[in-house]
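return a 3D structure for these sequence lines:
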Amino acid sequence: MSETAPPVEETMSLLDWRRRISELYAAVRAESEPVRAWRLWRDARHELFSTHPQSPLPPSGQGMPRYYDHDPELRVLGRLAPAGAVEIQLPGSAGESFAARRFAAVEFDLSGTACRLDAYWLAGYAGGLFLPFRDASSGTETYGGGRYLLDTAKGADLGGGADGLVLDFNFAYHPSCAYDPRWSCPLSPAGNIVAVPVHAGERL
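Presented below is the predicted three-dimensional model:
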């Protein structure tokens, strides 16, 4: 959060940002056509980044999000598999760490390649499913600390049920710290890697 705004104003601004993100993902889940859902998400993010006080952009306003073209082949259903509950400390962008619990793995096929990512439940923010990842584009075409696919503490949820999660990599996005180091963000653990380059979602 900004250190200059009054606490009440700042807190209510953050509440409004999270409310809008939650409403956006509800609209995404309600849209039956994946391309229309993605365009809705992309356009709403552009508006929020451009106008909202909680935009992660630096004060200069430089660095609006950019995206790969939509790829329908990069929407899959991730199968939940046992992974053993493990308490871990996720690395943070400012050198700190974030407590989380690995509760399952998510298995899926992407571009003909079998993939597996650990799924976490955050200890902060009153909990929330968190699914970050890195891939072969990390550090060159996308942020080196990885991207987020799901972060239900902030409303980023694409749907699914007890047996699986909707994983649409067209909705992969950078953490706020990719725009400005004033933001402190959990990063993807080095081992949570998709084995193929993911040319979908947000890019540098």
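
wait, what's in contact with residue 133?
117, 146, 147, 149, 172, 188, 192, 193, 194, 198 (C-beta atoms under 8 Å, 6 or more residues apart in numbering). Bear in mind the C-beta positions are built from the backbone N, C-alpha and C, glycine included.

pretty sure residue 100 sits in a strand.
Yes: the assignment for residue 100 (DSSP: H, G, I helix; E, B strand; the rest coil) places it in a strand.

circling back: ok, the contacts of residue 133 vs residue 63, which is closest?
Ranked by distance to residue 63 (C-beta to C-beta), those are led by residue 147 at 15.4 Å.

which strand residues bridge the closest one?
For residue 147, the beta-bridge partners are residue 133 (DSSP bridges).

can you map out the helices along this protein?
Counting by DSSP state H, the chain has helices at residues 7-30, 34-51.

ok, and what's touching the helix or strand of the chain with the lowest mean pLDDT?
Within the chain, no helix or strand scores below strand 160-161, which has a mean of 89 by mean pLDDT, DSSP states H and E. The set of residues external to strand 160-161 that reach it, using C-beta under 8 Å, 6+ apart, is 77, 78, 166.

show me what the second one is bridged to.
With beta bridges defined as DSSP bridges, residue 78 has these partners: residue 165.

can you give me the neighbour number for it?
Residue 78: 26 surrounding residues under other C-beta atoms under 10 Å.

likewise for the last one?
Residue 166 is surrounded by 19 other residues when neighbours are defined as other C-beta under 10 Å.

so it is in contact with residue 156, correct?
No: using C-beta atoms under 8 Å, residue 166 is not in contact with residue 156, being 11.7 Å away.

point out where this protein drops to low pLDDT.
1-6, 61, 125-126 (pLDDT under 70).

will you turn the contacts of residue 133 into a markdown table that also has distance to residue 97 and neighbour count?
Formatted as a markdown table, these follow (distance: C-beta to C-beta, whole Å; neighbours: other C-beta atoms under 10 Å):
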| residue | distance to residue 97 | neighbour count |
| --- | --- | --- |
| 117 | 19 | 24 |
| 146 | 15 | 27 |
| 147 | 19 | 27 |
| 149 | 21 | 27 |
| 172 | 23 | 27 |
| 188 | 13 | 27 |
| 192 | 15 | 21 |
| 193 | 19 | 17 |
| 194 | 23 | 25 |
| 198 | 25 | 27 |
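
next one: the residue nearest the centre of the chain from residue 32, what distance?
Nearest residue to the geometric centre of the chain (C-alpha atoms, centre = their mean): residue 148, 2.5 Å. The gap separating residue 148 from residue 32 is 24 Å, by C-beta to C-beta, to the nearest Å.

ok, residue 50 next?
28 Å.

between the two, who's got more neighbours?
Between residue 50 and residue 32, residue 50 has the larger neighbour count (other C-beta under 10 Å), namely 11 against 7.

neighbouring strands for the least confident helix or strand of the chain, and are they parallel or not?
Applying DSSP bridges, one finds strand 160-161 paired with strand 164-168 (antiparallel).

mind listing what's buried along the partner strand?
164, 165, 166, 167, 168 (16 or more other C-beta atoms under 10 Å).

want to throw the contacts of residue 133 into JSON lines with distance to residue 90?
JSON lines is the format used below for those (distance: C-beta to C-beta, whole Å):
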{"residue": "117", "distance to residue 90": "13"}
{"residue": "146", "distance to residue 90": "10"}
{"residue": "147", "distance to residue 90": "14"}
{"residue": "149", "distance to residue 90": "15"}
{"residue": "172", "distance to residue 90": "17"}
{"residue": "188", "distance to residue 90": "8"}
{"residue": "192", "distance to residue 90": "10"}
{"residue": "193", "distance to residue 90": "15"}
{"residue": "194", "distance to residue 90": "17"}
{"residue": "198", "distance to residue 90": "20"}
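
perfect, I'm done here.
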